[in-house]
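# Give me coordinates for this.
(chains A and B)
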Amino acid sequence: MFTFLYEILCGKNNDPIYASQIFPFVGLFTLIFAILFAIIFYMILGRWKPIWDKLSHWIMTLILLITVAIPFAIIQAKSATQAETTNAYIVKFSMANALFAFFYFVIFSLLIKKASIFAKRTPF
Amino acid sequence: MARNTYVFGVGGTGARIIRSLTMLLASGIKLNDTNKIIPIIIDVDAKNADTSRTLKALEAYKLIRATGYGNQELKDGFFNTDLNTLNSIMPENDVKIKLEDSFQLHFDNLETTFLKYLDPKEELAGDINMDLLEALYDNTPLDHANFQNTELNLRLDMGFKGNPNIGCVVFNTLGNTKEFRFVLNNISKGDRIFIISSIFGGTGSSGFPQLVRLLLENEKLQSNLFGALTVMPYFNVTDKKMSAINSDRFTSKTEAALTYYSKSLKGKLNSLYQLWDKPLKQYENKEGGEEQKNNAHIIEFLGATAVIDFINKPDQSFKSKDRPDYLDFGIKKDDQLVDSSFFFDNTRNKIIQPLTLFTYAMKVYLEKIPQYKDEAFYKNLNLSKDLNNSTFYQNLTSFFKDHYKSWLKEMIDNERKFQPFNVDDDLNGLVRARPIEVKKILGVTRDPGINDSLLKTKLGKDEDTLKKTITNNEERFLKLLFQIATECFTKLESLPSMV
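Presented below is the predicted three-dimensional model:
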């Protein structure tokens, strides 16, 4: 599934390791990061105290997730392909991963915000 | 079985004590085995400002209670008592009687002078009965320099201006009012009757014995429990030559009325509460109408506690009407400034504690909640729209701001001062003589007492829990206020006490 999604945005790479290892691994862990960030935001902080529950906090959490997702994709791609520099495809892949991280977080936010106490109405 | 209690407030003092009673009941004071409290204000002074604001407070209470709880019977929480009008006990299928949905009992034909009230067709001129009237009552014409002494030319819709001899004549017609006839027909066997009046004025002192007589003329009511509070002088009025009210006569009028009561009320009451205080405050001499707006006084607050005491007593604790209980109220120490520590434990626990909760709720509602616009509980309760637009919140704001807070401040401004709360301080300093200490270690706050974080956390968590069982936003909001006030009281730990 992840391979399909990344190839829609980045196109197919000639190196088969992308399809066999990098896309599934990065896709899965980006999804897990997004779930973790949403759980921390809504279920842990969002049920503990009203300290990190507003729209501004949600946007900052999202930015943090994206800043994790971009280097994660770059590092994984470079490590698996043993590339010494960050080529254009890797940059494109990291941007696609950022976009997916954004979507995952938005979707998980909508799914679990009801379980929160203080962030029930965040982002809307 | 739950019973109703009919509380008659006669005259200006009666209305002011019912005002205090409204505040106590709003604070959630618990009443035993009580279904409804039906206050009935009897004041012929149609424009009396004291009566008007009492009526406004009662109306606001009724609306808040009806919107928040509907017909539910509740045991605790703010506004839990069903304080209602006579209309609320009207049988649904009774189409014969139409009552105004009001807390005030209205007399007819009082928009005239006492003489015209007695002789509406002016048939007595030159008659021997007119001579008798002139022998009994002062007949100074209104254009005379001493018109303030007049009795026969006194306008009745301005009150009796300290003339019980006029009041008792008018009160004779009380039994003809449809509201009174309705009361007589609808008081049930276990219901209780309580009458509040002052003894040193006109309306209360004359209305009280007449009211008891008229009620007990009905054989059906002979077995009902009757209580009364009579308030003796606790303030003076300034000397004013042109006024019919003179506080130099308060004591002699009190003595005269007490002598009369000792005979006429014998065997008619189960409990008689009496209150007085050294008159320290001199009110401006206003004869009535829109100008008569006296500040609330600790005596009126204590008067309201007498009503609560009467309502809460079990039936078996009352003696027969031949051996009534005479009850006074005392505080621990005589001082010009009274706070919570001056009361004995029973009053502190049953009256002052709920008042403290209600005062915390007032502060949170008026000062904190409007700042919490971004909080989830605020959005869940739709407060951004309803706080300013819904009738419920408009009345709640008015009750807290215009009625309760004003009532507290008036008692602070009066003499003797009653100041259980520092109304304008922050939440940590709210309870006088017992501030909540902000604890710090090496300059770092370890326990901030009541702060925004505590309030937002508690409001958010409690609203989330309450939402699971209460769908009505207004009911949920009232419960939420009660819970946040309880949390604040937990931080306070206990009321101040006298060492």
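
# use CA for all of it now, contacts and neighbours both
OK.

# Contact residues of the stretch 301-450 of chain B facing chain A?
For the stretch 301-450 of chain B, the contact set with chain A under Cα under 8 Å from any Cα of the partner chain comprises B:Asp374, B:Glu375, B:Ala376, B:Phe377, B:Lys379.

# Would you tell me which one of those residues comes nearest to chain A?
Distance to chain A, by Cα to the nearest Cα, is smallest for B:Ala376 among those, at 5.4 Å.

# thinking again about what came up before, okay, and which of the residues of the stretch 301-450 of chain B next to chain A map to helices?
With helices defined by DSSP state H, the entries of those inside them are B:Ala376, B:Phe377, B:Lys379.

# Any chance of the residues you listed in CSV with pLDDT, neighbour count and distance to B:Gly68 as columns?
Listed next are these as CSV, based on pLDDT from 0 to 100; neighbours: other Cα atoms under 10 Å in any protein chain shown; distance: Cα to Cα, whole Å:
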residue, pLDDT, neighbour count, distance to B:Gly68
B:Ala376, 93, 26, 21
B:Phe377, 95, 28, 17
B:Lys379, 94, 15, 18
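
# any idea which of the residues of the stretch 301-450 of chain B next to chain A is the one closest to B:Asn346?
Comparing these against B:Asn346 with Cα to Cα places B:Phe377 closest, at 36.1 Å.

# On the pLDDT front, check the residue nearest the centre of chain A for me.
Ranked by distance to the mean C-alpha position of chain A (Cα atoms, centre = their mean), the top residue is A:Ala101 at 2.5 Å. At A:Ala101, the model reports a pLDDT of 94.

# By residue count, tell me the biggest helix in chain A.
From DSSP H, the single longest helix across chain A is helix A:55-81.

# Tell me the helix or strand right after that one.
helix A:88-112 (DSSP states H and E).

# Is chain B within reach of that next one?
No. Judged by Cα under 8 Å from any Cα, helix A:88-112 stays clear of chain B, getting no closer than 14.7 Å.

# Can you name the residues in contact with that helix?
Contact with helix A:88-112 is made by A:6, A:9-10, A:26-27, A:30-31, A:34-35, A:37-39, A:42, A:62, A:65-67, A:69-74, A:77-78, A:123, as judged by Cα atoms under 8 Å, 6 or more residues apart in numbering or on different chains.

# repeat for stretch B:441-457
Here stretch B:441-457 has contacts from A:48-50, B:368, B:372, B:375, B:427-428, B:436-440, B:484, B:488, B:491, using Cα under 8 Å, 6+ apart.

# got it, and stretch B:358-367?
Under the criterion Cα under 8 Å, 6+ apart, residues B:26-28, B:78, B:397, B:400-401, B:405, B:427, B:430, B:481-482, B:484-485, B:488 lie in contact with stretch B:358-367.

# Pull out the buried residues from these.
Neighbour-count burial (16 or more other Cα atoms under 10 Å in any protein chain shown) is assigned, among the contacts of stretch B:358-367, to B:26-28, B:78, B:397, B:400-401, B:405, B:427, B:430, B:481-482, B:484-485, B:488.

# Which one of those is nearest to chain A?
Proximity of those to chain A (Cα to the nearest Cα) peaks at B:Ile484, which lies at 15.4 Å.

# And for residue 24, nearest residue in space, chain neighbours not counted?
Just so you know, I chose chain A. Residue nearest to A:Pro24 in three dimensions, not counting chain neighbours: A:Phe2, with 5.4 Å by Cα to Cα, 6 or more residues apart in numbering or on different chains.

# Correction: the question concerned chain B.
Among residues not flanking B:Leu24 along the chain, B:Leu355 sits closest, at 6.8 Å (Cα to Cα, 6+ apart).

# re the thing from before, going by distance to B:Lys266, which of the residues of the stretch 301-450 of chain B next to chain A wins?
B:Phe377 (57.8 Å).

# so the residue nearest to that closest one when sequence neighbours are not counted, which of the three states?
Nearest in space to B:Phe377, with sequence neighbours left out and distances taken as Cα to Cα, 6+ apart, is B:Gly460 at 5.3 Å. With DSSP: H, G, I helix; E, B strand; the rest coil as the basis, the three-state label of B:Gly460 is helix.

# I'd say B:Gly460 and A:Lys120 touch.
No. Between B:Gly460 and A:Lys120 there is no contact, the gap being 9.9 Å when judged by Cα atoms under 8 Å.

# Helix or strand: which one has the residue nearest to B:Leu24?
Element membership for B:Leu355 (DSSP H and E) is helix B:353-363.

# what are the C-alpha coordinates of that helix, in CSV please?
Written as CSV, here are the backbone C-alpha positions of helix B:353-363 (Å, rounded to 0.1, in the frame of the first residue of the first chain):
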residue,chain,number,x,y,z
GLN,B,353,-20.8,26.8,53.9
PRO,B,354,-23.4,26.8,51.0
LEU,B,355,-23.1,30.6,50.8
THR,B,356,-19.3,30.2,50.5
LEU,B,357,-19.8,27.7,47.7
PHE,B,358,-22.2,30.1,45.9
THR,B,359,-19.8,33.0,46.3
TYR,B,360,-17.0,31.0,44.8
ALA,B,361,-19.4,30.1,41.9
MET,B,362,-20.3,33.8,41.5
LYS,B,363,-16.6,34.7,41.2
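
# Now do the same contact list for the residue lying closest to B:Phe318 once chain neighbours are set aside.
In this structure, B:Phe318 finds its nearest non-sequential neighbour in B:Asn270, 6.5 Å apart by Cα to Cα, 6+ apart. B:Asn270 is in contact with B:Leu225, B:Phe226, B:Gly227, B:Phe318, B:Lys319, B:Ser320, B:Lys321, B:Asp322, B:Arg323, B:Pro324, B:Asp325, counting by Cα under 8 Å, 6+ apart.
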